[in-house]
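Show me the folded form of this:
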Amino acid sequence: MNFWSLANLRDPAESINLPNSNISALAVAPETNTLLVGDEIGGIQSILPSNMNSAAATSGTSSGRNTSSSGRRTVKRLNGGHEDRNGHFGMITGISTKVLPTRHSHHSATSRSVSRGFLTGSQGLVLTCGVDWSTKLWAPAYKEEPILSFFSHCYDYMADVQWSPTNSAIFATASCKGTLGLWNLANDLDEPMTGPEGIPIEVDMDMSTSSRGGLNKLKWSSDGRRIAVASSDRLHILGMTDEVSKPKPDDETKMINNLTSRGFLDEL
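Here you go, the predicted structure:
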């Protein structure tokens with residue numbers, strides 16, 4: 001993994017070797033700048049920034065499992081990969097961290113509670129998806145394994161997952177079957193709000209067949225009112241209803257209550 005500075009684009013400012021990892025996805029945790037890296041065997045590693053004290057970042061919760069130091073950064077392997085039942089089986093295709101509300105943008109990471117290099121509370125929740133048909137919810141500030149799995153009803157691999165930037169309880173998934181899924185964890189932890197089949201996006205041009213092209217990537221607009229969906233050779237822009245783009249005041253509380261009442265997460 002290479003870290004680059006715009007002041008010098010000839011050579012990376014820093015490089016980290018991740019043994020036995022063919023990187024397939026990555027994301028940056030909000031405010032702490034901890035990196036999450038997914039690989040082709042379903043493993044996930046967190047890379048703490050060089051300015052974060054590793055002892056403080058793992059205080060009270062670190063098990064010391066598969067932890068190593070590379071240069072000034074601390075690399076730690078979370079549960080995942082074929083050796084761990086609770087991780088992904090096969091390549092991780094997407095990782096998504098929360099987008100913090102604008103009202104928090106002026107706060108520094110030191111003004112918020114941090115554990116293991118991640119924000120505590122709902123803003124530290126992470127989503128991953130992979131070729132094992134599943135999307136998984138993680139709370140890495142508390143546990144080193146996923147707390148909940150969502151499975152594709154179409155038994156096709158999931159190509160991407162992205163949290164909504166405006167509604168902390170909603171996320172979108174893209175499948176290789178060509179369908180978009182929308183989930184609202186404030187309302188339901190078992191079924192997507194778009195139904196078990198999802199929304200068909202990529203329909204084959206030959207309307208006499210029902211085959212579809214697969215989706216690749218998702219990107220929300222900053223106001224949550226649109227989402228860009230990419231396939232192999234097309235880009236689709238979908239408008240979202242107010243139900244999706246405008247959160248209710250208690251959506252975040254309902255999501256946490258749903259997770260804790262079902263035993264997926266301890267009280268935050």
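
now the nearest residue to P140 once chain neighbours are set aside: how far from T173?
Distance criterion Cβ to Cβ, 6 or more residues apart in numbering; nearest residue to P140, sequence neighbours excluded, is F118 at 4.8 Å. For every residue, glycine as well, the C-beta is placed using N, CA and C. With distances taken as Cβ to Cβ, to the nearest Å, F118 is found 22 Å from T173.

for S222, same thing?
S222 is 20 Å from T173, by Cβ to Cβ.

who has more neighbours, those two?
T173 (26 against 10; other Cβ atoms under 10 Å).

Now that one: closest residue in space, sequence neighbours ignored.
Using Cβ to Cβ, 6+ apart, the nearest residue to T173 is G181, at 4.2 Å.

What score does the one you found have for pLDDT?
Confidence at G181, expressed as pLDDT, is 95.

Could you say which helix or strand holds it?
strand 179-184 (DSSP states H and E).

Now do the helix or strand that that strand is followed by: distance to the chain's middle.
Next helix or strand after strand 179-184 toward the C-terminus (DSSP H and E): strand 199-200. Strand 199-200 has its C-alpha centroid displaced from the chain centroid by 21 Å (Cα atoms, centre = their mean, to the nearest Å).

What is strand 199-200 packed up against?
strand 179-184 (3 or more Cβ pairs under 8 Å, 6 or more residues apart in numbering; DSSP states H and E).

Paired strands for the strand it packs on, with orientation please.
strand 170-175 (antiparallel), strand 199-200 (antiparallel) (DSSP bridges).

Near W4, how many other residues are there?
Look at W4: counted by other Cβ under 10 Å, it has 12 neighbours.

In contact with it, which residues?
12-13 (Cβ atoms under 8 Å, 6 or more residues apart in numbering).

N167 should be in a strand, yeah?
No: N167 is assigned coil when assessed by DSSP: H, G, I helix; E, B strand; the rest coil, not a strand.

What degree of burial does the nearest residue to R112 once chain neighbours are set aside show, as a neighbour count?
Among residues not flanking R112 along the chain, L119 sits closest, at 5.7 Å (Cβ to Cβ, 6+ apart). Per other Cβ under 10 Å, the neighbour tally for L119 reads 24.

burial of G263, as a residue count?
For G263, using other Cβ under 10 Å, the count is 8.

Over to L218?
Around L218 there are 21 residues (other Cβ under 10 Å).

What's the per-residue pLDDT of it here?
Predicted confidence (pLDDT) for L218: 97.

Isn't it up against S231?
No: checked against Cβ atoms under 8 Å, the pair L218 and S231 is beyond contact range at 11.1 Å.

residue ranges of the helices in the stretch 151-268 of the chain, please?
242-245, 251-261 (DSSP state H, counting those that start in this stretch).

For the shortest one, which helices and strands make contact with it?
Using 3+ Cβ pairs under 8 Å, 6+ apart as the contact criterion, helix 242-245 has no neighbours among helices and strands.

which residues sit against it?
Residues outside helix 242-245 that contact it (Cβ under 8 Å, 6+ apart): 164, 166-167, 170, 182, 184, 223-225.

name the element the spatially closest residue to F150 that is not a sequence neighbour belongs to?
The shortest distance from F150 to any non-neighbouring residue, by Cβ to Cβ, 6+ apart, is to T135 (4.4 Å). Secondary structure from DSSP H and E places T135 in strand 134-138.
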